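**Q** Sequence and predicted structure below; questions after.
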Amino acid sequence: MKKIIFVLFIFTALFFVGYFIGNDSAVPGIMPIALEGDIAASLDIVNDESTITDGSTIADGSTITDESTITDGSTITNGHTIDYEITDTADPTPILFEFIDAHADTITRAMETGQSLFRNSLHLDFERLMDFNAPVQIFAIWCSDRYLGSAFEYANMVIDFFERELAENSDIVELALSLEDLERNAANNKISAILALEGGEPLEGKIENVDHFYNRGVRLIGFTWNRENELGLGVGTGSDKGLKPFGIECVKRMNELGIIIDVSHLNEAGFWDVHHLSNKPYIASHSNVFSITPNRRNLKDDQIEAIVEKGGVIGMNLFPDYLSTTKSARITEIMPHIRYLISLGAEGNIVLGCDLDGVPTLPYEFTDVTSLKTMSKRIADEFDEYIASAIMSENFYDFFVRFWGTAD
């Protein structure tokens, strides 16, 4: 009898020594666990696959069986046996913007052709945007030559049209003026629309008009189109002159107000003036890589590196002339541009700048905004899901955080 008692004593002692030193136990069903936070455990029996998270309290004598989960704040008192799953309220799912695009000319095209923004025959409309989760689209106002003498009036007329369209579709789309607006719209499963001027002609050389358009909802201004205006000179002029005095004044005022500066279409000298004068990040909303496709609208290596240095972003333009020298580009022609930008350290600075409704042709297989789903998959296949997600939305969201600051 004494030998039996002695063997039982040794067996029991080995059991608890194995448990407390945290090594694999010789007794099946017992495994060591790490208790985090203010968790107290004494003589508890914890079986395989049990999970205990921060804030849980395990009191003497409690037993947790296989696959039980004890979540934050749960308390188990003496003698109780838990043999079912206990769950807590899950953390909120991070907001996912399926895409953020830096440039589309849809507003002016829709207004000029008498079509609505909800449904039309163009590259983009609200109905098709609803195929995506919380998309963000920057809508640009562009003045053709015939409106240059009344650009201020014309831009205001376009904004009036835009506001009517937003009001008629307020259940699915809202204007975004800040990071907080973007996040609220996403939480409400709405499209976010950001308003932009493509070319500073509507300012008509008056600094007070920067404030005027800011108050009307404009949050991005491209200094020039390809031509010359009161701010500076576009790439189409062939000029090597920099920003004009009014352009320099606009850099300062736009920085103060929180209007994003867009350098696409601006000539090189003007680009470098913006780079040196702006105390905020700026963007090239729809420009590709000159070293891949040597078009005057694309960015040279030192310009790309400058944008990265400043914390800006570069929007990939889908116009075949900017993607390839063949002028019959496929969606895959965007890949060399992406790969080259990554090689220059711009992986976190590549975004979309599709130029929908602003170009006469699109790459083969790309028909309208819904083709972005296919393009996203192609980018993921070529690189990986991380890079695809970064280009589709995450890099641009990070830019908004840098530019506007975190939402309250």
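**A** Arrived safely, thanks for sending.
**Q** residue ranges with poor pLDDT in the stretch 1-150 of the chain?
**A** The model of the stretch 1-150 of the chain has pLDDT under 70 over residues 1-95.
**Q** how much space between residue 149 and residue 143?
**A** For residue 149, the distance to residue 143 equals 10 Å [CB to CB, to the nearest Å]. (Glycine included, C-beta is placed from N, CA and C.)
**Q** cool, and residue 121?
**A** Between residue 121 and residue 143 the distance is 23 Å, computed by CB to CB.
**Q** higher neighbour count, those two?
**A** Shown here are residue 121 and residue 143; by other CB atoms under 10 Å, residue 143 has more neighbours (23 against 10).
**Q** Could you pull up the contacting residues of that one?
**A** 151, 154, 155, 199, 201, 202 (CB atoms under 8 Å, 6 or more residues apart in numbering).
**Q** quick one, helices of this protein?
**A** With DSSP state H as the criterion, the chain has helices at 2-20, 106-112, 126-129, 151-168, 179-187, 208-215, 245-257, 268-277, 301-310, 320-323, 334-343, 372-382, 385-389, 395-404.
**Q** who touches the last one?
**A** So the one you mean is helix 395-404. Outside of helix 395-404, the residues within contact range by CB under 8 Å, 6+ apart are 97, 100, 102, 136, 178-179, 182, 258, 260, 280-281, 283, 311-313, 348-352.
**Q** Restricting to C-alpha, output it in CSV.
**A** This file holds the C-alpha atoms of helix 395-404, laid out as CSV (Å, rounded to 0.1, in the frame of the first residue of the first chain):
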residue,chain,number,x,y,z
ASN,A,395,-1.1,54.8,-50.8
PHE,A,396,-3.6,57.6,-51.6
TYR,A,397,-5.3,57.3,-48.2
ASP,A,398,-1.9,57.6,-46.6
PHE,A,399,-1.3,60.7,-48.6
PHE,A,400,-4.6,62.2,-47.4
VAL,A,401,-3.5,61.5,-43.8
ARG,A,402,-0.1,63.3,-44.4
PHE,A,403,-1.8,66.2,-46.1
TRP,A,404,-4.9,66.7,-44.0
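**Q** let's number from 23 now, not from 1
**A** Okay, residue one is now 23; in that scheme the one you just asked about reads as helix 417-426.
**Q** pLDDT on that helix, on average?
**A** Averaged over helix 417-426, pLDDT sits at 97.
**Q** Could I have the buried ones of the contacts of helix 417-426 as PyMOL selection syntax?
**A** In PyMOL, a selection of the buried entries from the contacts of helix 417-426 looks like this (16 or more other CB atoms under 10 Å):
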select buried, resi 119+122+124+158+201+204+282+302+303+305+333+334+335+370+371+372+373+374
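**Q** Among the contacts of helix 417-426, name the ones in strands.
**A** The members of the contacts of helix 417-426 that map onto strands under DSSP state E are 122, 124, 158, 282, 305, 335, 372, 373, 374.
**Q** Out of those, which two sit at the greatest distance?
**A** 282 and 372 (16.8 Å; CB to CB).
**Q** Wait, residue 252 touches residue 222, no?
**A** Yes. Assessed by CB atoms under 8 Å, residue 252 is found in contact with residue 222 at 6.6 Å.
**Q** Quick check: neighbours shared by these two?
**A** Counting by CB under 8 Å, 6+ apart, the shared contacts of residue 252 and residue 222 are residue 269.
**Q** Looking at those two, which one has more neighbours?
**A** Set residue 252 next to residue 222 and count neighbours by other CB under 10 Å: residue 222 wins out with 26 against 17.
**Q** out of everything not next to it in sequence, what's closest to the more buried one?
**A** residue 253 (4.3 Å; CB to CB, 6 or more residues apart in numbering).
**Q** burial measure for the one you found, as a count.
**A** Residue 253 has 27 nearby residues by other CB under 10 Å.
**Q** same deal with the one 3 residues further on?
**A** For residue 256, the neighbour count with other CB under 10 Å is 24.
**Q** ok, now residue 348?
**A** Using other CB under 10 Å: residue 348 sits among 11 other residues.
**Q** Quick check, pLDDT for it.
**A** pLDDT, read off for residue 348, is 84.
**Q** next one: residue 282
**A** The score at residue 282 is 98. That number is its pLDDT.
**Q** Among the contacts of residue 165, find me the one that's closest to residue 355.
**A** Of all those, the one with the least separation from residue 355 (CB to CB) is residue 221, at 27.0 Å.
**Q** Which segments of this protein make up each domain?
**A** 24-104, 122-426 (automatic domain parsing).
**Q** show me what contacts residue 225?
**A** Applying CB under 8 Å, 6+ apart, the residues near residue 225 are 174, 219, 231, 232, 235, 243, 252, 253, 268, 272.
**Q** Swap in 6 Å and give it another go.
**A** residue 231 (CB atoms under 6 Å, 6 or more residues apart in numbering).
**Q** do the same with residue 254
**A** Here residue 254 is in contact with 245, 246, 265, 266, 269, 292 (criterion: CB under 6 Å, 6+ apart).
**Q** From the residues you listed, pick the one nearest residue 340.
**A** Nearest to residue 340 among these is residue 246, at 21.2 Å by CB to CB.
**Q** from what I can see the closest one touches residue 258, true?
**A** No. Counting by CB atoms under 6 Å, residue 246 does not reach residue 258; the two are 8.9 Å apart.
**Q** The two: which is more packed in?
**A** Between residue 246 and residue 258, residue 246 has the larger neighbour count (other CB under 10 Å), namely 28 against 15.
**Q** Now the more buried one: phi and psi?
**A** phi -140, psi 160 (degrees, to the nearest 10).
**Q** Identify the residue spatially nearest to it, adjacent ones excluded.
**A** Leaving aside its sequence neighbours, residue 246 sits nearest to residue 256 (CB to CB, 6+ apart; 4.0 Å).
**Q** And the pLDDT for the one you found?
**A** 98.
**Q** Burial check on the nearest residue to residue 347 once chain neighbours are set aside, number of neighbours?
**A** Sequence neighbours aside, residue 315 is the residue nearest to residue 347 in space, at 6.1 Å (criterion: CB to CB, 6+ apart). The number of residues packed near residue 315 is 21, by other CB under 10 Å.
**Q** Check residue 174 too.
**A** 17.
**Q** unless I'm mixing things up, it is touching residue 224, no?
**A** Yes. Using CB under 6 Å, residue 174 is in contact with residue 224, at 5.1 Å.
**Q** ok, residue 387 - contacts?
**A** Residues in contact with residue 387 (CB under 6 Å, 6+ apart) are residue 353.
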